[in-house]
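Asker: Requesting a structural model of the entry that follows:
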Amino acid sequence: MWRKTGGFAFFFFFQGFTSPDFESAAFRRFCEVCYRVRRFKPTLTLSSLQAIITVAAEEEPVSYDRLAELCGVDYTTAAFHAAILSDGRGRRPGANLLIREPAPGHDRRAKNLVLARGGRAIANLFATVNVETASSADFLKCSILPALRMALNAAPDLNLTTFSVLLFVAQNNVRFAHYGEPAATIADALGLTNLPRNLAKLAEADGGCLLELMKNPNDRRITLPTLTQAGLSLVANIAAVLQDKEPDQVRQPKAESLRQAETPEDVRNFTQADFDVIDVDEIDWTDKAEDKPPKPS
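Answerer: Just a heads-up that it's a prediction; the model follows:
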């Protein structure tokens, strides 16, 4: 889409979208925490993060059986997470984010899980997403865990790095859609060395087909990422659950209105008639997807 102005043409590469939920303080803080935790533990998977937040939300030692029940996984998967998040398994070192301690009783082999210092730091960061008076444990249980479960239902094998790329695209969709900023800016912003692999994962079926990767018509070497309908619905629901509400209306500028705009800044002055409403599918986070242990690195 373009309009000639004074001898040159300005391009809108594709239609962006807006929503109060994407602009909310809670969603912004959630994204910032995900980016920060990713820098701290770049190999952390969402399923492992779910296990950490689950232990934090319980505020008491958690058995393997209880972890499996709360995370919607089988006992073997819960034991796998317990090992790799604590002191390791076999020759694989642990992340030292959880501590395995003896469980009360006669069976000396039984273990309970509590937070290690690093795991508590991660949980405390996610608790800061909330600025209301609700307790940290309640917020982790009622908002952060549902947000993670939604993402795991969409793509069970997502790691935190790939999830952070998805969040960054959602936060900055207008920069890609209206200004044509290349996807490479994501690598600079998040400090990534493997951006193409993460983008490809999000565009593939096993990554939930959450992104569409478009090419700049002026330079085919430049990739412009945008959320698919599935990606938009997922992130919109995550942004809403962080505020304990249903997804708000998502709007997209009409093609004819963009053709009349001379610069991307003009979109800020559009009226309601200049936008189409995008239907967002509500996601039931209680649907339990089959969880798979992360592949050994």
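Asker: Count the neighbours of residue 268 for me.
Answerer: 8 (other C-beta atoms under 10 Å). Backbone N, C-alpha and C define where each C-beta goes, glycine included.
Asker: do residue 118 as well
Answerer: By other C-beta under 10 Å, neighbour count at residue 118 equals 16.
Asker: Show the pLDDT at it.
Answerer: Here the pLDDT value assigned to residue 118 is 97.
Asker: same deal with residue 284?
Answerer: At residue 284, the model reports a pLDDT of 76.
Asker: just for this protein, where's the confidence low?
Answerer: The chain contains residues with pLDDT under 70 at 1-12, 106, 108, 133-134, 287-297.
Asker: where do the helices sit along it?
Answerer: Along the chain, the segments classed as helices by DSSP state H run 25-40, 46-58, 64-71, 75-85, 117-127, 136-139, 145-154, 160-171, 173-177, 184-190, 195-203, 229-241, 255-260.
Asker: Out of those, the one nearest residue 13 is which?
Answerer: helix 173-177 (5.9 Å; C-beta to C-beta).
Asker: how many other residues sit next to the closest residue to residue 168 other than its chain neighbours?
Answerer: Nearest residue to residue 168, sequence neighbours excluded (C-beta to C-beta, 6 or more residues apart in numbering): residue 186, at 5.3 Å. Using other C-beta under 10 Å, residue 186 has 21 neighbouring residues.
Asker: separation between residue 186 and residue 141?
Answerer: 31 Å (C-beta to C-beta, to the nearest Å).
Asker: what does residue 228 give?
Answerer: Distance from residue 228 to residue 141, by C-beta to C-beta: 30 Å.
Asker: Look at those two and report which has more neighbours.
Answerer: When residue 228 and residue 141 are compared on other C-beta under 10 Å, the one with more neighbours turns out to be residue 141, at 19 against 15.
Asker: on that earlier part again, output the helices of the chain in JSON lines, with distance to residue 209 appended to each entry.
Answerer: What follows is the helices of the chain, written out as JSON lines (distance: least, C-beta to C-beta, whole Å):
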{"stretch": "helix 25-40", "distance to residue 209": "21"}
{"stretch": "helix 46-58", "distance to residue 209": "17"}
{"stretch": "helix 64-71", "distance to residue 209": "24"}
{"stretch": "helix 75-85", "distance to residue 209": "24"}
{"stretch": "helix 117-127", "distance to residue 209": "27"}
{"stretch": "helix 136-139", "distance to residue 209": "30"}
{"stretch": "helix 145-154", "distance to residue 209": "9"}
{"stretch": "helix 160-171", "distance to residue 209": "12"}
{"stretch": "helix 173-177", "distance to residue 209": "17"}
{"stretch": "helix 184-190", "distance to residue 209": "18"}
{"stretch": "helix 195-203", "distance to residue 209": "7"}
{"stretch": "helix 229-241", "distance to residue 209": "6"}
{"stretch": "helix 255-260", "distance to residue 209": "24"}
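Asker: Tell me who's in contact with the residue nearest to residue 168.
Answerer: 165, 168, 169, 192, 195, 225 (C-beta atoms under 8 Å, 6 or more residues apart in numbering).
Asker: Counting neighbours, what do you get for the fourth one?
Answerer: Other residues near residue 192 come to 21 when the count uses other C-beta under 10 Å.
Asker: One more: the first one?
Answerer: Applying other C-beta under 10 Å, we find 28 residues neighbouring residue 165.
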